[in-house]
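Student: What shape does this take:
(chains A and B)
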Amino acid sequence: MSEKSRGPVYVERMSILFRIQHLLLMISLLVLAITGFALMYYENALAQVLIRLEGGVLYRGIIHRSAAVFLMAQLVYHAFYMLISREGKRELKEIWLTRRDFDDFLQAMRYNLGMGNEYPRFGKYGYKEKFQYWGATAGVFLISVTGMILWAETFSMRFLPKFVLDLTLIIHGYQGLLIFVILLFWHLYIVHLHPSVFPMNWAWLTGKVDAEWIREEHPLEYEKLKGEGVL
Amino acid sequence: MRGKFFAAWVIVVLGICAQGLSSPAEAGISLEKCTLCHGKPEFRKILVDGQIRDLFATEDSLKGSVHEKKACVDCHFDVSEIPHRQRPKRVACTHCHYKGNAEGAPQSDAYLEYFGSVHGVAIAKGNTKAPLCQDCHGSHNIRKAKDPASAVSHGNVAETCGRCHIKIYAKYKTSIHGVAVSKGIVDAPSCTGCHGEHKIYGHLDPKSSVYATHVAEQCSTCHGSVTIMSKFGIETEQVATYKNSFHGVAGQFGSRTVANCASCHGVHDIRPPEDPLSMVNPKNVPATCGKCHPGANPNFAVGKMHVDSHKKESGIIYYTALFFKYLTIATMLALIVHIFLDMYGRTRRLRGEK
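Tutor: Residues are numbered from 1 along each chain as shown, chains lettered A, B, ... in the order given. Got it, this is the predicted structure:
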């Protein structure tokens, strides 16, 4: 019996716990972006509407910091989950950055520019997913550091002079902008605009993906699943 | 026809005569009669509380004032016989000073603002210490505000206000603005420059020009003007840098607890930063910031206060902002290029497979 005659077969890509983590991450990042950019670009008419909607600068700040605490809690939880749980350990192994990913990236670029003959074959997570995961993790960690320096401004200034705080404020804003830019032009591309998933990869809601899609985009994972007898 | 004309003529003549007859009767009390008593320098009254009320007034009292040509009873119109049995009422300036008055007194409704002001309301509530017109403008020696000898002139108004607001006057007099005014610098603000003239409100009243959320705007009327500030070599960028600062933005969105100009620079005791008594002197900065940020230390004074990240003078802050600006643009471009390359490669891959 050929595979195609069986109709689409779905494989789990995101467990329910990861889907919940992803949803919470999405909500807190959106809240942080809306409250943060409203202040950063306060002269903009839309920003002024947003600040008023958020209840003025005082409540904007409270919402922003609440969402930030929530995000940092998620980061800590996620770190422990990835290091301790069985599922987390397995996923961490899959998403761990290796030399191979940089080679894959360069090979993909060569191929895309017409200088190579073969496009790299990816496992469960290709360089696109891995770079995004580690980029976002590092970004959230770094922006938390500058955020906390600014939050506890009087305590921070026991150790840091005033101009470092001014600097921190600038860096914090640009960090947010960078994370936003990466989400917009990287994440939005790989899970929404990429022709293989357009309009979106539904895995974040259903947790499942088409086995055919895995075969095309993540061939090594497909072979592994075949070998394990899942498919 | 002729009869009618004659009748009209008689009426007009009679009218003129009647006026001529009546005016000496109205202004029946001449200056000479008043000065019979009031012209004696020792003419005074000892009040119940022991204070002495000087009642000395001669023809010189009005000399040089705007009311030079007026007679005593023009204002003290309740005096109809000499000697008057009762103490004349306090002069009501509004008797003449209202819009459209027949006397030809300056027509302005500006004084109407007084009734809603902190002083006017206090009077209405029965506070006898609150000032009426004559308490600031003077009683007999009223001069135009432009006249340097006037009690409300630019150079004198602080002293006039200071008669009641003694402590504030003492602080103001040695402040940068007070010193400048005493040197005759007309651009420097006296009390009325910030508080307004007739429409003075308490600083906790949202209508006040010096209410917490209005202070920055009030200061920037002068400190935001290059024309005025260039005369004294003072930067005007402080207005914009404050506006863009954390404090400034919060203030613009209505926060009343956030620092405004006066929170750091002082209110009546504003002094230049070089002055050791200035609140923004580096030595005093920890104490000044400490009012809102408990535990503020000398680190608060390390670095420029009014920073503009778009200006080269800001040094490391300028270069960091510049670096991040280009980093963001470069990242954005790199990602867009990546998207297009990836799509292009994929199309080729699909074609190759087919």
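Student: Only C-alpha atoms from now on, for both contacts and neighbour counts.
Tutor: Will do.
Student: hmm, the lengthiest helix in chain A touching chain B?
Tutor: Counting by DSSP state H, the longest helix found in chain A is helix A:56-84. Yes. Between helix A:56-84 and chain B, judged by Cα under 8 Å from any Cα of the partner chain, the touching residues are A:G56, A:V57, A:L58.
Student: are any of the residues you listed buried, and which?
Tutor: Among the residues of helix A:56-84 next to chain B, those classed as buried by 16 or more other Cα atoms under 10 Å in any protein chain shown are A:G56, A:V57.
Student: Now the element after the longest helix of chain A, going C-ward?
Tutor: helix A:86-95 (DSSP states H and E).
Student: now that following helix against helix A:56-84, angle please.
Tutor: Between the axes of helix A:86-95 and helix A:56-84, defined by axes from the mean of the first three to the mean of the last three Cα atoms, to 10 degrees, the angle is 90 degrees.
Student: Show me what helix A:86-95 is packed up against.
Tutor: helix A:56-84 (3 or more Cα pairs under 8 Å, 6 or more residues apart in numbering or on different chains; DSSP states H and E).
Student: And the helix it packs on, what's buried?
Tutor: A:56-57, A:60-61, A:63-65, A:67-68, A:71-72, A:74-75, A:82.
Student: so what's residue 97 scoring on pLDDT?
Tutor: Defaulting to chain A. A:L97 is assigned 96 on the pLDDT scale.
Student: not quite, I wanted chain B
Tutor: Reported pLDDT for B:H97: 84.
Student: Now the residue nearest to it when sequence neighbours are not counted: which helix or strand?
Tutor: Here the nearest residue to B:H97 in space, its sequence neighbours aside, is B:A105; by Cα to Cα, 6 or more residues apart in numbering or on different chains that works out to 5.8 Å. Counting by DSSP H and E, there is no helix or strand that carries B:A105.
Student: Next: B:K144.
Tutor: B:K144 belongs to no helix or strand when assigned by DSSP H and E.
Student: Tell me who's in contact with it.
Tutor: By Cα atoms under 8 Å, 6 or more residues apart in numbering or on different chains, the contact set of B:K144 is B:S65, B:V66, B:S150, B:S153.
Student: how deep is B:Y201 tucked in, by neighbour count?
Tutor: 23 (other Cα atoms under 10 Å in any protein chain shown).
Student: any idea how far B:I52 is from the spatially closest residue to B:Y169 that is not a sequence neighbour?
Tutor: Nearest non-adjacent residue to B:Y169, counting by Cα to Cα, 6+ apart: B:G162, 4.9 Å away. B:G162 is 21 Å from B:I52, where distance means Cα to Cα, to the nearest Å.
Student: before we move on, what about A:E221?
Tutor: Relative to B:I52, A:E221 is positioned 105 Å away (Cα to Cα).
Student: more neighbours, these two?
Tutor: Ranked by neighbour count (other Cα under 10 Å), A:E221 and B:I52 place A:E221 first, with 19 against 11.
Student: Who are the contact partners of that one?
Tutor: By Cα under 8 Å, 6+ apart, the contact set of A:E221 is A:F122, A:G123, A:K124, A:I214, A:R215.
Student: Now restrict those residues to buried residues only.
Tutor: Buried among the contacts of A:E221 (16+ other Cα under 10 Å): A:F122, A:G123, A:K124, A:I214.
Student: my read: the second one touches A:L220, true?
Tutor: It refers to A:G123. Yes. A:G123 lies in contact with A:L220 (Cα atoms under 8 Å); the separation is 4.5 Å.
Student: so where is chain A shaky, pLDDT-wise?
Tutor: Where chain A drops to pLDDT under 70, the residues are A:1-6.
Student: Which parts of it are strands?
Tutor: Secondary structure of chain A (DSSP state E): strands located at A:10-12, A:208-210.
Student: strands paired with the first one, and their directions?
Tutor: The strands beside strand A:10-12 in its sheet (DSSP bridges) come out as strand A:208-210 (antiparallel).
Student: gap between the residue nearest to B:Y169 and A:S28?
Tutor: Applying Cα to Cα, the value for B:G162 to A:S28 is 56 Å.
Student: Those two - which one has more neighbours?
Tutor: Taking neighbours as other Cα under 10 Å, B:G162 and A:S28 compare with A:S28 leading, 21 against 17.
Student: who touches that one in this structure?
Tutor: A:A67, A:A68, A:F70, A:L71.
Student: measure it to A:A67 for me?
Tutor: 5 Å.
Student: One more: A:S144?
Tutor: Going from A:S144 to A:A67 by Cα to Cα gives 11 Å.
Student: picking that back up, list buried members of the contacts of B:K144 by neighbour count.
Tutor: Buried members of those, scored by 16+ other Cα under 10 Å, are B:S65, B:S150, B:S153.
Student: you'd agree the first one is up against B:S139?
Tutor: Translated: B:S65. No. Using Cα under 8 Å, B:S65 is not in contact with B:S139; the gap is 9.8 Å.
Student: residues from chain A in reach of chain B?
Tutor: Counting by Cα under 8 Å from any Cα, the residues of chain A close to chain B are A:42, A:56-58, A:109, A:111-114, A:119, A:154, A:157-163, A:166-167, A:170-171, A:174, A:177-178, A:181-182, A:185-186, A:189, A:194.
Student: Can you show me the helices along the stretch 101-250 of chain B?
Tutor: B:112-116, B:118-124, B:133-137, B:157-162, B:166-173, B:176-182, B:191-195, B:215-223, B:226-229, B:237-244, B:246-252 (DSSP state H, counting those that start in this stretch).
Student: quick revisit: can you redo the buried ones among the contacts of A:E221 as TSV with distance to A:V9?
Tutor: Formatted as TSV, the buried ones among the contacts of A:E221 follow (distance: Cα to Cα, whole Å):
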residue	distance to A:V9
A:F122	20
A:G123	18
A:K124	17
A:I214	11
